[in-house]
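K.L.:
coords below, sequence missing:
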């Protein structure tokens, strides 16, 4: 897992989220839990989840329809907290 330098959190593991999550609040938080070694699995919002479902998963089409942002692990945790809905568990796909 690669690291990046963040102005707020210093050197941290890299993470990838949809851009909606970066700027949004209470948008839902879905993540890919297939890689159990990754503490910051790829994450996306409810809107991007609808796109993923409509196109039967992630593929070339869905990857062109959404924008991904690179963030650090600290930012990822902050983004996750501000986009969780209700009493969701942080250990499951939301």
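P.N.:
Received, thanks. Treat the numbers as computed from the prediction; the structure is a model and nothing was measured.
K.L.:
make it CA atoms for all contacts and neighbour counts henceforth
P.N.:
OK.
K.L.:
what about the helices in the chain?
P.N.:
Using DSSP state H, the helices found in the chain span residues 19-23, 46-54, 60-65, 73-83.
K.L.:
possible to save those as a markdown table with distance to residue 10?
P.N.:
Output for the helices of the chain, formatted as a markdown table (distance: least, Cα to Cα, whole Å):
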| stretch | distance to residue 10 |
| --- | --- |
| helix 19-23 | 18 |
| helix 46-54 | 29 |
| helix 60-65 | 29 |
| helix 73-83 | 9 |
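K.L.:
so which of those comes closest to residue 9?
P.N.:
helix 73-83 (6.0 Å; Cα to Cα).
K.L.:
can I get the helices of the chain in TSV including mean neighbour count, mean pLDDT and distance to residue 6?
P.N.:
Formatted as TSV, these follow (neighbours: other Cα atoms under 10 Å; pLDDT from 0 to 100; distance: least, Cα to Cα, whole Å):
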stretch	mean neighbour count	mean pLDDT	distance to residue 6
helix 19-23	18	97	14
helix 46-54	16	96	25
helix 60-65	12	93	25
helix 73-83	19	97	8
